[in-house]
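J.: I'll drop the sequence and a predicted model, then ask my questions.
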Amino acid sequence: MHRYFKTIRLFWSTAFASQLEYQLNFLIELIAMVGTLLGSVFILSLFFTGGRQLGDWTWESALVIQGVYTFLDGLTNALLRPNLTEIVNYVREGTLDYVLLKPIDSQFWLSVKKFSFAGLPEIILGLSIVFWAAIQSGSTFSSYSLFVFIISLLIGFIILYSVWFLIAASSIWFVKTWNATEVLRALLAAGRYPISAYPVILRFIFTLVLPVAFLTTFPAEAILGELKFNILFFGLILSSLFFIFSRLFWKFALKHYTSASS
Amino acid sequence: MLEYRIEIALWALSGVLPFIMFSLWSQNDVGNSFGLNDIGLARYFLSAFLVRQFSVVWVVFSFEEDSLSGRLSPYLLQPLHPLLRYVAAHLAEQATRLPFAIAIAITFFILNPSSFWLPSLSQLFLAYLSTHFAFTIAFLLQSLVAALCFWTEKSSALERLIFVPYLFLSGLLVPLSAFPSNVLKVAMLTPFPYLINFPAKILSGMPVDIFNGFLAQILWISILVPSVNILWKLGVKRYTAMGA
C-alpha cells in the first residue's frame, strides 16, 4: 500500500513540474471554467422564470447540483481525462507492453499516471458553490450529513471512473474509442439538472443504466439532508459492482491484448 | 470513411444534447414562457440536432495532430491550400452521416409522433443553404484557432474558448427566443446564433427574419475569410516543421 502512495506522489510531482511549462493552458482553462459556469447558471435560471420550480427543486438547491457537477467536472479534467484518454495511445503504439512489465498494478498505473493541475480551481469552486448554495437553501449541516455527502461523492466518482475506464479498456479491441467517450460526456451533461426534472423513462435510465443520478442529484440531496438511507446503500452496492466489473473487464481485456508493433 | 461506420454512428449519437434539453424543457412546461408549445419545442430541437450534425467542425484537432507529427510539411509544399484538404474531409464525413441522422430523426418521430412535420421545399432549401453557411462560419472560426498552431503547440486548448460561448449562445441548449432581451441583444452581435439557432428555426418552420439572418451569415463569412488568410500567411512564415 505504501508503495502505491509513494508512486502517486512521484507521478504528480513530475506532472506538476512539467505543467509549469504550460502556464497559458492554466489561464485558458480558468477562463473556460468561468464561462461554462456562467453559461450553465444562466440556462438554469431560464427554467425558473415566472416563479417556476425545476422538478420540485428550488433555485438554490438546483445550484447545489451545479456545484456538484462542477466539482466532478474538475476531477474529470484533473484526473480522468488526462489518464484514461491516453490508454488508447498506449495500445496503438505498443507502449502498453512497458506498463504491463512494471511491478505495479497496471490499472492503477494507467489511472493515476497524470494529474492536470488546471482542474484544481474547478474542484475548489465546485465545492464552494455546493456549500454556499446549501446554506442559501437553509440547510443546516450536521457531521452526519457531511459524512453522507462525502460518501455519496465517492460513490459518484467511482461510478464515473468505472464507466469511463470500461470504455477506455475496450480500446484493446477497438483502436478508436474517442467517440464513445464523447457520447459518454454528452450523456453526463444530463447531470447538470436534478433527476426529477426528467421524464419518467429518462429518470429510469439515468438511475439504473447510466447512473447519472448518483453523480450529482444524490450527493446534492445528501448535503441538503434529504438523501434516503436506502439510496445510499444501493449506491454503495452499485458503485462496488461497477468498480469490480471494471477490474474484471480489464483483466479479461489484457488476455486479448496482442501488442502492436512488436 | 465508410470503414469507420461505428465511429460515425457514435459521433452522431454524441450530439444527443439537444434531445436531453428537449426532454427537460417540455417536461417542465417552460416552452410556453418563450412562446413554444411542446410540438414547437420538439421540432426546434430535432432541427438543432440535424443542423449540428451537418455543421460540426473539428479542423483544429486534425490540424494540430498533423502539425505536431510533421505531416503538415508536405501539405504546405503542394499547390493546394492545406485548409481545403480539411474542408473536403469534413464534407465527406457529413455525407456519410446522412443515413445515421435520418435514422435518429425517424426514431425521434416514432417517440414523438405528434411532432412529425415535413418542411416545404423552399424551407428545406433555405435551411440547407443556411446550414452550409453555418458550417463555413464554424470552419473559419476554428481555422483561426488552428492557425495559432504556428505559434503555440497546444492550440486545441484554445478551442475551448470558442466552444464555451458556442455551447450557450448558439441555441443548442435552448431556442434564443427564451433569452431575456438584453442578453439576446449581446448574443446577436456574436456569430454563434447563426450557427444553430437561425438554420434550425428555418427548418422547424418557426417565424424568422430570413433576410437579416442570411445577411449576418454572409457578413461574418466576409469578415472571417480575410482574417484567416492573414493569420495563415503570418503563421506559415513562422512554421518550423515540428517532428520532421
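T.: Done, it's in. Residues are numbered from 1 along each chain as shown, chains lettered A, B, ... in the order given.
J.: Chain A contacts on chain B?
T.: B:4, B:6-7, B:10-11, B:13-17, B:20, B:23-24, B:27-30, B:33, B:152, B:154, B:157-158, B:160-161, B:163-165, B:167-168, B:173-174, B:178-179, B:183 (Cβ under 8 Å from any Cβ of the partner chain). To be clear about C-beta, it is placed using only N, CA and C from the backbone, and glycine gets the same treatment.
J.: Could you pick out the buried ones from those residues?
T.: B:7, B:10-11, B:13-17, B:20, B:23-24, B:27-28, B:30, B:157-158, B:160, B:163-165, B:167-168, B:173-174, B:178-179 (16 or more other Cβ atoms under 10 Å in any protein chain shown).
J.: I'd like to know how far the nearest residue to A:I223 once chain neighbours are set aside sits from B:W11.
T.: Take A:I223 and drop its neighbours on the chain: the residue closest to it by Cβ to Cβ, 6 or more residues apart in numbering or on different chains is A:F149, 4.4 Å away. As defined by Cβ to Cβ, to the nearest Å, A:F149 lies at a distance of 37 Å from B:W11.
J.: Check B:L141 too.
T.: With Cβ to Cβ as the criterion, B:L141 and B:W11 are 20 Å apart.
J.: Contacts only, for B:W58.
T.: B:W58 makes contact with B:90, B:142, according to Cβ atoms under 8 Å, 6 or more residues apart in numbering or on different chains.
J.: Give me the pLDDT for it.
T.: B:W58 carries a pLDDT value of 87.
J.: in stretch B:205-217, what's buried?
T.: Buried residues in stretch B:205-217, counted by 16+ other Cβ under 10 Å: B:205-206, B:208, B:213-214, B:216-217.
J.: Out of those, the closest to chain A would be?
T.: The shortest approach to chain A among those belongs to B:M206, at 17.5 Å (Cβ to the nearest Cβ).
J.: was I right about the closest one contacting B:G40?
T.: Yes. Checked against Cβ atoms under 8 Å, the pair B:M206 and B:G40 is within contact range at 6.9 Å.
J.: where do the helices sit along chain A?
T.: Listed in chain order, the helices of chain A (DSSP state H) span A:2-19, A:23-47, A:59-75, A:81-84, A:87-93, A:96-101, A:106-112, A:120-136, A:143-169, A:178-188, A:200-204, A:212-215, A:217-223, A:229-255.
J.: coming back round to it: could you measure from the residue nearest to A:I223 over to chain B?
T.: A:F149 sits 25 Å away from chain B, taking Cβ to the nearest Cβ, to the nearest Å as the criterion.
J.: ditto for A:I43
T.: Distance, A:I43 to chain B, by Cβ to the nearest Cβ: 5 Å.
J.: what's the closest non-adjacent residue to that residue?
T.: Spatial nearest neighbour of A:I43, excluding adjacent residues (Cβ to Cβ, 6+ apart): B:L173 at 5.5 Å.
J.: can I assume the one you found sits in a strand?
T.: No. When DSSP: H, G, I helix; E, B strand; the rest coil is applied, B:L173 is found to be coil, with no strand at that position.
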